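*Asks:* Below is the sequence, then the predicted model.
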Amino acid sequence: MAEEQPPTRQGPTGHVDFQEVQRSPQLQELRKRQRSFIFPMAAAFLIWYFAYVLLADYAHGFMSTPVIGNINVGLILGLLQFVSTFGITMWYVSYANRRLDPIASEIRTELEAQGVSRPEETR
C-alpha cells in the first residue's frame, strides 16, 4: 500500500513566480546584507590564515620564539586560528539574528501566504 503524501497548500493563484521573488527589493536587501558580511570576513580570514602559513614556512626563527616554557609564537598563532574561526562564527550568528533573519522571516511569511509550503510540510 502506497504511503499518502500530505496535501500541499495552494495560494490563490496556485503558484509563485520565484523569478519575481528574486527581483524583489526585500531579497535584494537580504543578499546585500549577507554579502556585506561574508565577503570582507572571508577575505580577512584568508589573509590571516595565509599569513600564518607563510610565517610557518618562511619565518622559522620568529615562529619558534619561546613565549612561556615550551609554548612558542607558532603554537599561539595556530591556536588563535581556531579561536578566530569560532569568533567569526559567533559574530555571524549574531549578525544574522539581528540583520538577516527579520528580512528572511518576512519573505518566508509572504511566500507562505502565496501558497508555498515549508520543506518539512511537503514530506
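*Replies:* Now that the structure is in, tell me what you want to look at.
*Asks:* could you pull out the strands for the chain?
*Replies:* Taking DSSP state E as the criterion, the chain contains strands spanning 66-68, 71-72.
*Asks:* among those strands, which is the most enclosed?
*Replies:* strand 71-72 (a mean of 14; mean count of other Cβ atoms under 10 Å). Just so you know, the C-beta spots here come from the backbone N, C-alpha and C atoms, and that holds for glycine as well.
*Asks:* need the contact list for Glu29.
*Replies:* Ile103 (Cβ atoms under 8 Å, 6 or more residues apart in numbering).
*Asks:* And Tyr95, by the same measure?
*Replies:* Phe37.
*Asks:* mind checking how far it is from Ser36?
*Replies:* Distance, Tyr95 to Ser36, by Cβ to Cβ, to the nearest Å: 10 Å.
*Asks:* what's next to the worst-scoring helix or strand of the chain on mean pLDDT, contact-wise?
*Replies:* The weakest-scoring helix or strand in the chain, judged by mean pLDDT, DSSP states H and E, is helix 18-23 (a mean of 87). With contact meaning Cβ under 8 Å, 6+ apart, helix 18-23 is reached by 27, 107, 111.
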